[in-house]
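In: sequence unknown, structure follows:
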């Protein structure tokens, strides 16, 4: 089951939208390929001068500390794309508890 929940949302610059789309695509691909998730929810929010995207799955989870360096190519791609946005990325996961990928960026964009 997949859900997308979008609060009131102002238009973003196309390059920002595209990077967020690719990050979501990678996180969803990870949930499908690796997590055996039964449900995934993508939240998009804006407020307090920030845009936040959160992808939450109920899959098998993993121990982020047990991954070599920054994880697999998917997690590396998520981190690199977030860095290009000047965004912070937080990946929380535990075995048998699912995974949350949270990306937060300022709404002060250089267009």
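Out: All right, it came through fine. Because the structure is a prediction, the values reported are computed rather than measured.
In: Flag every buried residue along the helix or strand of the chain with the lowest mean pLDDT.
Out: Across the helices and strands of the chain, mean confidence by mean pLDDT, DSSP states H and E is lowest for helix 73-85: a mean of 87. The neighbour-count check on helix 73-85 (16 or more other C-beta atoms under 10 Å) flags 74-75, 77-79, 81-82, 85 as buried. Using the backbone N, CA and C atoms, a C-beta is placed for each residue, glycine as well.
In: All the helices of the protein, residue numbers only.
Out: For the chain, applying DSSP state H gives helices covering 14-30, 73-85.
In: helices and strands around the shortest one, which ones?
Out: Other helices and strands packing on helix 73-85, by 3 or more C-beta pairs under 8 Å, 6 or more residues apart in numbering; DSSP states H and E, are helix 14-30, strand 88-93, strand 99-106.
In: Could you tell me the angle between the last one and strand 88-93?
Out: Between the axes of strand 99-106 and strand 88-93, defined by axes from the mean of the first three to the mean of the last three C-alpha atoms, to 10 degrees, the angle is 170 degrees.
In: Not counting strand 99-106 itself, show me its contacts.
Out: Residues from elsewhere that reach strand 99-106 (C-beta atoms under 8 Å, 6 or more residues apart in numbering): 16, 20, 23, 27, 30-31, 35, 49-57, 59, 61-62, 78, 82, 85-93.
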